[in-house]
Each structure stands twice: as structure tokens, then as C-alpha cells.
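Student: I would like the atomic coordinates for the input below:
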Amino acid sequence: MMFLAARIPARKFSSVQLSKLLPKLSSLAKFSSEAGKTPSPEKKESLFNRWLGPSAGITKPDGKVNRWAMFVPAFVTHACLGAPYGWSAVSASLTREHGVVASSAMDWGLDLATYPMTILIGGGGVAAALMGKWAAKAGPRRAMVQGCSIACLGYIAAGASIFNHNIYALYGSIALIALGNGSVYTPPVQTLIDWFPDRRGLASGIVIGGFGSGALVFAPTMNYLMSKFSQVPTYIGQSVELVTEGGRQFAQYGGQLQEVVYASASELSKLPYTGLTEGYYLVGTGSTGVALAYATIGITYTALVLASSLALKRAPPNFKPDGWTPPLNPAGDQASLRSIHVDIIPRIPQFWLLFSTSALLCTGGMGLMAVAKPMITEVFSDALPALVTSSFATAFLMALAAGNLSGRVGWAAISDKIGRKNTYNTFTIGGAAIYATLPWLIHAVVNPQNASIAPAILSVFCLNTVLAITIMGGVFAVLPAYESDIFGPKHVGAIHSRFLLAATAASITGPALLLNLRSSAEKDAINQLMAKIQPEAFTAKFAADPSQLEQLISAKTVTIPRLMELVPTGTLDPSPFIYNSTLYTMAGLVSVAAMLHFMVKPINSKYFDMSERLEEKEKNKPE
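Tutor: Sure, this is the predicted structure:
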């Protein structure tokens, strides 16, 4: 019994110890079994993810990358995206794609040839807003590569559409380019902001400035390429026997009736071709070279953006430049400012007042950029034929592009000195005055009594139009900071995405309004000239009765320059004044913008209270 009593506590003690040792023995056994295994090799990153994944292009923390060098690929990318601002270098040629020296019945009108700019700028803005979230998730490199590939298909399809003269296919192709550009727009800006946390304003300003300078590259490059690919149509003489059917003119050539167009000496002087003779040319026997030129520049842009996407290195996570200490609070010294929540913004009158003001200010600038080259030629080439040539028109377009760029940089700096509200007051009051004086300057240039000083007056006209474009560029540059001043800094990014629709509205309204008013003024001018022309002279010139005038205008057979050959000597050419109604309308719209802007007052505190309650509700919302 004593033996058993002695054994029982010993057993009990051993059980307790064993219970404590079991977990240790289990882990030891697990360690021994794992130690006997051969470690499996790490799964290698796929080639796609390495080059195009969300982490592609990120610089290692110890990597040596010159962050200032990153401005080059970012600026180049945005310069390629800003090509739509130079579209008027193409639109005039598209109106003569079949006739080449003059518009034929099959050619598109200036309105149809200008709308691609609206699609590119307006559609690109919408695409950037829609693709922004995906681009952030996919990574900058993939977004840029995928976007430029889509745009490349659009450029090639657009060239084919122009070649086959299919306006609907052209619009669809241009929309494809806009979609691709929208994917590419944001990544360079975000990448540079990550590299320059100490200079975010400078980083975004320079990159977006590249977008504003796009026409400086596009216009001269397109002119050069078109000169290489263009082909002069067949010339058949100054006097031919005409047959007019449905407003179109035909002449015997090669044993059959073929459509012809007539180009006067004044019309030929406006073209970028040399050695041409006044007279009749066969339709469809030449080419302006736009189709091949546009496809070529599109492929070039694709190569540049593709190379830029590979050259654009991303900053390491939480990158801090040497010598820079980030503020303790991410909001910096603005942490104490109250901000309006983006979902409250549509309820606030100040949002709609500033939105409308910005849209109206940009409408005139968008209209001018859309028709800059044909406008300067139509208005001044007859009064100053030796000065206002095709090269001068291209230089004028490039000056407007430079104004767009300088306005984005210059007005932003000025607004820091005088304040955003005063800057906008300058935009509205100054813009209305500029547009209102342009018709007066036009009349002064074409007035024969001012022949000696006409070039000087023309320079004032050009300077005023450049100033008008700087206002448009300034709106885009100043608006984000103005939003921060009014609505607070916290949600300014999301709020600004809604203000981008103002640019879309301006890109649609500006060109459409200008072109419709121009078309109406042109028809009125033709009717006024017809009242001074003898019916017999009209019939002899066009081989058609004046009763067929509408058909002849629709077929582009009757134009103001051709009617000027039939009117009595001393009749004033109405061509320089067909934009007057448009310019006065622009002045009126900017005046409305001035009144709307004066109504922008400090926001009622109740909207800040609503925003704070909404943010508190979102914070306490269960995940």
C-alpha cells in the first residue's frame, strides 16, 4: 500500500509536466519535419507585371534617379496630348480634300471639319475623369502604354477615314483617340507630384503646360508632312465649256464629263502651294496630304508616349527630397480650414456661378483656337496679300498656342499676388473688352485709307487674340486654387473633376456657336452681293440660273470670292466681316460671365456644417 501511495503522486506530477511539454514537443517535431524539406523557390514575377504591372517603374529607395529629368518624358507626353489645340492647321485643308485648290461639292464644310477638335478636347476630358480611377489602380506605365496604343489605332483609322472621305468614321476614330488620351493624361501629373512633394504646384504646372503647348509642335509638323504628301490636281484651263447639274460644275475632259472647281488668283494666294494658275481643276485628281500626314504624326506621337512611359520612373514610396521635412499634418497650415464635401457641392450656388463663369470665359478661346488659321486667312489675306500668307496663318496659330501656354503659367503666378477673385475679375472685364474691340480692328485693317498703317493695326489684332487665349489658359491654371479658396482644400481634387465639365461644355459651345454664326453671316453676305449682280453675268459665270443659288451654295460652287468677280467696281468685300457677329456675341457672353462672377460671395456656414455632419457620418459608418 505504501508503494502504491508513493507512486500515485509521482504519476500525477509526471502528467502535469507532460501536459506542459506537449506543445513544445509538437512544435519541435514540426520544426524537424520542415527542416528536412527542401525550401521551394520563390515564385518569379511575370514579365507582364515586371514591365506593365501596378509596381512597374518604381525606383528603389537606394536608387539614384534625377527627379528633375522626369519632367522631360512627362512634358513630352502632354505636348502630344495637346495636339487638338492645333486642329485649325488641319480643318481648312479638310474642306478642300477633294477639290484641293477649292472646295468641291463632296468636300466637308468648315463646321464638319472643325468638330473633331471638340471631340478630342471634350471627349478627352470625359475619358480622363472616367479612366482616372482605373489608371491609378493599373499603374502609370500600363495606363500610358494602353492609352497610346488605343490612340494609335484611332490615328490610323482617322487617316483611313479622311482618305475614304467618311465623316462618321472620322468622328468615331477621333473618339478613339480621345479615349486613349484620357487614359494617358493623369499618370504623368501624378508621377511628377510624387517626385516633388515639396513643389507640387510647380510639378503639375509644368506638366499641364505641356498640354497647352501642343499646337506649337502639331501645327508646323502637320504643315511639313502635308507639303510632302500633297498632290496638285489636274489643271484644264481658264476657259472651259461648263455643264451645271445639282449645283455642281462639270467639264469635258478625256472624252467624258468630270466635275471641276474654279480657283481664282486670290484664292490660290491663300494656299500653301506655289506655281498654280488661275482656272479650272479636276476634282479628285489631287490630295491635300492630310490623311497620310495625320496617320504619320499619330504613329510618331505613339512612339514618343511609349518611350516616355518607359523613361518615366516613379518615386519610391513616401519619397522625401533631401533637405525637405514634410509638415506634421498632411494638410499643412490649412488643417484648420473648413472644407465643403464634394457631395454637398451641387447644392451650393457658388459652385454653379463659378462653373458658368469659367465655361463662358473658355467658350470664346475654344472658338478662336478652332478656326484660327482659316479665320486669319479669310479676314486679312485680300487686304494684305503679301503679308497674310499660309505661313503667316501658321505662325498666328502658333502664337495662340504660346499664349495658351504662357497664360497657364503667368496668370497662376499673378493670382498668387493679387488673389484669385481679382484675377477672375480681370479675366471677365478684360475679356469682354478684347472681344468687343476685335471687329473694330478688323475694319481698321481692311479700310483702304489705313493702308500705310494696316500692318501695325494687324499686329494689335493678333496681340489681342493672343491675350484672349491667355485668359482661357489662365482659367484652367487658376481654377483649382480658386476652388480651394472658396470650398476649402480637403476635397479640391474631387471638386475640380466636376469643374472639368466646364471645359467640355466650352469645347462644344465655342466652335459650334462661332461656326453657326459665321455660316449665317456668310449667307447674308452672299445675298447682299447677289442683289448687285446682273442675272446674265451670273448665268454666264456659273452656267446656271440665279434661281438655283441655294444648290450652288450647297455645292460650294458659289462663294463670296467668286461673286466679287461679278459685282460692280468699288463694292466692299464682306469676307473680313463674317466673324463680326461671332466676336460681338463672345463679348456678350464674357459680359454675362462678369455679372455671374460678381455674384460669387462667401459660402454660408450651413454648408460647412452639413459637410462636417456628412463626414462624421461616413467616418462612423460600419465597414
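
Student: element containing the residue nearest in space to the middle of the chain?
Tutor: Geometric centre of the chain, nearest residue: Ile121, 3.7 Å, by Cα atoms, centre = their mean. Using DSSP states H and E, Ile121 falls within helix 110-138.

Student: just give me how far that helix sits from the chain centre.
Tutor: 8 Å (Cα atoms, centre = their mean, to the nearest Å).

Student: what ranges do the strands span in the stretch 51-200 of the chain?
Tutor: Ranges of strands in the stretch 51-200 of the chain, per DSSP state E, counting those that start in this stretch: none exist.

Student: quick one: low-confidence residue ranges for it.
Tutor: 51-57, 132-133, 136, 200 (pLDDT under 70).

Student: which stretches of it form helices?
Tutor: 71-81, 88-94, 110-138, 140-163, 167-195, 200-212 (DSSP state H, counting those that start in this stretch).

Student: closest to Leu549 out of these?
Tutor: helix 110-138 (19.7 Å; Cβ to Cβ). For every residue, glycine as well, the C-beta is placed using N, CA and C.

Student: could you check the angle that closest one makes with helix 71-81?
Tutor: For helix 110-138 against helix 71-81, the angle by axes from the mean of the first three to the mean of the last three Cα atoms, to 10 degrees is 140 degrees.

Student: what packs against helix 110-138?
Tutor: Judged by 3 or more Cβ pairs under 8 Å, 6 or more residues apart in numbering; DSSP states H and E, helix 110-138 is in contact with helix 88-94, helix 140-163, helix 167-195, helix 349-380, helix 492-530.

Student: which stretch among the ones you listed approaches Leu566 most closely?
Tutor: Nearest to Leu566, of these and by Cβ to Cβ, is helix 492-530 at 8.1 Å.

Student: check which element follows the closest one along the chain.
Tutor: Next element after helix 492-530 (DSSP H and E): helix 535-542.

Student: got the CA positions of that following helix in CSV?
Tutor: Provided in CSV are the C-alpha atoms of helix 535-542 (Å, rounded to 0.1, in the frame of the first residue of the first chain):
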residue,chain,number,x,y,z
PRO,A,535,-28.6,87.8,-113.8
GLU,A,536,-27.0,87.5,-117.3
ALA,A,537,-23.5,87.8,-115.8
PHE,A,538,-24.3,85.2,-113.1
THR,A,539,-25.6,82.7,-115.7
ALA,A,540,-22.5,83.2,-117.9
LYS,A,541,-20.2,82.7,-114.9
PHE,A,542,-21.8,79.6,-113.4
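
Student: buried ones in it?
Tutor: 538, 541-542 (16 or more other Cβ atoms under 10 Å).

Student: the helices in the stretch 351-500 of the chain, which residues?
Tutor: Under DSSP H, counting those that start in this stretch, the stretch 351-500 of the chain gives helices at 390-418, 420-446, 454-487, 492-530.

Student: so which of the ones you listed gets nearest Gly180?
Tutor: helix 492-530 (17.1 Å).

Student: mind listing what Leu242 touches?
Tutor: Listed by Cβ atoms under 8 Å, 6 or more residues apart in numbering, the contact set of Leu242 reads 249-251, 260, 542-543.

Student: likewise for Gly172?
Tutor: For Gly172, the contacting residues are 157, 161, by Cβ under 8 Å, 6+ apart.

Student: how near is it to Gly367?
Tutor: As defined by Cβ to Cβ, to the nearest Å, Gly172 lies at a distance of 24 Å from Gly367.

Student: thinking again about what came up before, so how far is Ile156 from the residue nearest to the centre of the chain?
Tutor: Counting by Cβ to Cβ, the gap from Ile121 to Ile156 is 21 Å.

Student: and for Met398?
Tutor: 26 Å.

Student: more neighbours: these two, which one.
Tutor: More crowded of Met398 and Ile156, by other Cβ atoms under 10 Å: Met398, with 21 against 18.

Student: okay, the more buried one: pLDDT?
Tutor: Among the per-residue scores, Met398 holds a pLDDT of 90.

Student: renumber starting at 884 from here on
Tutor: That works, and once the first residue is 884, the last one we named lands at Met1281.

Student: just checking, it touches Thr1104?
Tutor: No. Counting by Cβ atoms under 8 Å, Thr1104 is not a contact partner of Met1281; they are 11.1 Å apart.

Student: of the contacts of Leu1125, which is the nearest to Pro956?
Tutor: Once Cβ to Cβ is applied, the member of these that ends up nearest Pro956 is Val1143, at 50.1 Å.

Student: count the neighbours of that closest one for me.
Tutor: Neighbour tally, Val1143, other Cβ under 10 Å: 28.

Student: any residues touching the helix or strand containing it, and which ones?
Tutor: Assigned by DSSP H and E, Val1143 belongs to strand 1139-1146. With contact meaning Cβ under 8 Å, 6+ apart, strand 1139-1146 is reached by 982, 984-988, 1119, 1123, 1125-1126, 1131-1136, 1159, 1161-1167, 1439, 1445.

Student: and that strand, what's buried?
Tutor: Buried residues in strand 1139-1146 (16+ other Cβ under 10 Å): 1141-1146.

Student: over to stretch 1315-1332?
Tutor: Applying a neighbour-count criterion of 16+ other Cβ under 10 Å, the buried positions in stretch 1315-1332 are 1315, 1317-1319, 1321-1322, 1324-1325, 1327-1329.

Student: want to throw those residues into TSV with distance to Lys1196 and pLDDT?
Tutor: Converted to TSV, the buried residues of stretch 1315-1332 look like this (distance: Cβ to Cβ, whole Å; pLDDT from 0 to 100):
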residue	distance to Lys1196	pLDDT
Ala1315	46	94
Ile1317	43	95
Tyr1318	45	94
Ala1319	50	94
Leu1321	47	95
Pro1322	52	94
Leu1324	49	95
Ile1325	51	95
Ala1327	54	94
Val1328	52	94
Val1329	55	91
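
Student: may I ask which two of those residues are separated the most?
Tutor: For the buried residues of stretch 1315-1332, and using Cβ to Cβ, no pair is farther apart than Ala1315 and Val1329, which are 23.7 Å apart.

Student: tell me if I'm right that Lys1439 and Leu993 touch.
Tutor: No. Counting by Cβ under 8 Å, Lys1439 does not reach Leu993; the two are 10.7 Å apart.

Student: weakest of the helices of the stretch 1234-1383 of the chain by average pLDDT?
Tutor: Looking at those, the lowest mean pLDDT belongs to helix 1375-1413 (a mean of 83).

Student: how far is it from where the chain is centred?
Tutor: Offset of helix 1375-1413 from its chain centre (Cα atoms, centre = their mean): 15 Å.

Student: pull out the buried residues from that helix.
Tutor: 1375, 1378, 1382-1398, 1400-1401, 1404-1405, 1408-1409, 1412-1413.

Student: fine, thanks again, bye for now.
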